[in-house]
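Peer 1: Fold the following, please.
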Amino acid sequence: MVSVSCLQETPATTEKKVFPWFVYKDGSSFKDVEPVKEIINSISVFGNPPKSFIDECHRNNIEVYRAVGGSEDNINTSGKIKVLVDEYVNDCKVNGYDGIDLDFEHLNSDVQKSYSQFLELASQKLHAAGKKMSHCVSFYPTSFIDEEAKMFYDPEVLAKTCDLVRVMCYDMYFAPGIGKAELKHRDDCMGIGPTSDYSWTKEAMTFWIKRIPKEKLVMALPAYANDYTVTGNSKGRQIYQSVPDSVSGVLPPPIWLCYEKVNMYLYDGTDGNRHMFYASDARSTEALLELADELGIAQIGFWHFNSVDPQMWDTTVKWQKNNKIINRPCK
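Peer 2: Got it, this is the predicted structure:
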């Protein structure tokens, strides 16, 4: 018997690209982007940046999407859909955005038909105006419990209408007590654990690779941590940095969880409680970027730009400069 492996290292056929989200707020400017402008291909902006910010991005060859959200009420009539789409097109034309990034989340699956109409009209009008359309998707429990479970977006319509589909490879666990009342249906994922890990991210990307062409997929990685109190009443919060922020005494070194490929800190907090902190840092990012290569994914992103630390950027630069990918096993 001859054992044949189809894992083969080959030159990447496409440039590796980095597409983070950027939260624009008071005090933000292009100076925030300046240190890593050479490796950023596009940003999706939440907030209301001045046109000068968008123009500065363009001078540095960075595309800018406007990130927008919404609810069932925004798309429940054809009239509302038309008004909303026209707003998107006008916003792109007036402010110079290169496209719209749709971050509609947790809608009822019953709206799939009207949501598909919304996507089709938005795609038609944005593309006619020379603009692009991106969409954020996730990997909720229903997806890995039942791959055919109906979602509010139809993957076939996403594949047909979108230029980019951003897979949000985070929120594997929601830290309890963070106030997401709208996520009560996610009780099965409200326990203690990381916001993302290697095997779960692999499962999420494999799910979407079956449904969306690889060249449209963005593997979006976390730049925040889950921190939990494990004495007294267990509660948790999201922390937008790679190490704990409220340590009593000396922070112990992290424990590397070799299966999850995540660093975990067990430390005493200034609140008097023992804490468990699951980090998103340079080491976990490196593992996920290696996974992107293994899966043949050439486009990655971060939620969000503002909390990616310098070591994570250094890791991303090394990944981008390495022009090798690994093809998945033959099937």
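Peer 1: switch to C-alpha atoms for all contacts and neighbour counts from now on
Peer 2: Fine.
Peer 1: Tally up the residues packed near Trp118, please.
Peer 2: If you look again at residue 118, you'll see it is Phe, not Trp. By the criterion of other Cα atoms under 10 Å, Phe118 has 22 neighbours.
Peer 1: ditto for the one 10 residues further on
Peer 2: Residues contacting Ala128 under the criterion other Cα under 10 Å number 11.
Peer 1: can I assume Met205 is in contact with Met219?
Peer 2: Yes. The criterion here is Cα atoms under 8 Å, and Met205 meets it with Met219 at 7.3 Å.
Peer 1: Touching both of the two, which residues are there?
Peer 2: Val167 (Cα atoms under 8 Å, 6 or more residues apart in numbering).
Peer 1: host element of the closest residue to Gly249 other than its chain neighbours?
Peer 2: Once flanking residues are discounted, Gly249 sits nearest to Asp268: 7.6 Å by Cα to Cα, 6 or more residues apart in numbering. Here Asp268, judged by DSSP states H and E, is contained in strand 262-268.
Peer 1: Determine the set of other helices and strands touching the helix or strand that that strand is followed by.
Peer 2: Going down the chain from strand 262-268, the next helix or strand is strand 274-278, by DSSP H and E. Applying 3 or more Cα pairs under 8 Å, 6 or more residues apart in numbering; DSSP states H and E, one finds that strand 274-278 makes contact with strand 225-229, strand 262-268.
Peer 1: Residues touching stretch 37-57, excluding its own?
Peer 2: With Cα under 8 Å, 6+ apart as the criterion, stretch 37-57 contacts 17-25, 29-30, 60-68, 95-97, 101, 317, 320.
Peer 1: Could you pull up the mean pLDDT of it?
Peer 2: The pLDDT scores in stretch 37-57 average 97.
Peer 1: Off-centre distance for it?
Peer 2: 17 Å (Cα atoms, centre = their mean, to the nearest Å).
Peer 1: distance between the ends of it?
Peer 2: End-to-end distance of stretch 37-57 (Cα to Cα, to the nearest Å): 8 Å.
Peer 1: do the same with stretch 88-101
Peer 2: Stretch 88-101 has an end-to-end distance of 10 Å (Cα to Cα).
Peer 1: can you check stretch 233-253 too?
Peer 2: End-to-end distance for stretch 233-253: 25 Å, by Cα to Cα.
Peer 1: which SS class is Gln238?
Peer 2: What DSSP: H, G, I helix; E, B strand; the rest coil gives for Gln238 is strand.
Peer 1: how many other residues sit next to it?
Peer 2: Per other Cα under 10 Å, the neighbour tally for Gln238 reads 19.
Peer 1: tell me the contacts of it?
Peer 2: Applying Cα under 8 Å, 6+ apart, the residues near Gln238 are 175, 178, 224-227.
Peer 1: Also Glu156?
Peer 2: Applying Cα under 8 Å, 6+ apart, the residues contacting Glu156 are 211-212.
Peer 1: Quickly find the element holding it.
Peer 2: Using DSSP H and E, the element containing Glu156 is helix 155-161.
Peer 1: Buried ones in that helix, by neighbour count?
Peer 2: 155, 158-159, 161 (16 or more other Cα atoms under 10 Å).
Peer 1: Next secondary structure after it?
Peer 2: By DSSP H and E, the next helix or strand past helix 155-161 is strand 164-168.
Peer 1: hmm, who's touching that next one?
Peer 2: 133-139, 158-159, 204-205, 208, 212, 216-221.
Peer 1: One more: stretch 306-321?
Peer 2: The set of residues external to stretch 306-321 that reach it, using Cα under 8 Å, 6+ apart, is 16-17, 22-23, 32, 36, 39, 223-224, 240-242, 281-282, 285-286, 289-290, 302.
Peer 1: which among those residues end up buried?
Peer 2: Buried members of those, counted by 16+ other Cα under 10 Å: 16-17, 22-23, 39, 223-224, 240-242, 281-282, 285-286, 289-290, 302.
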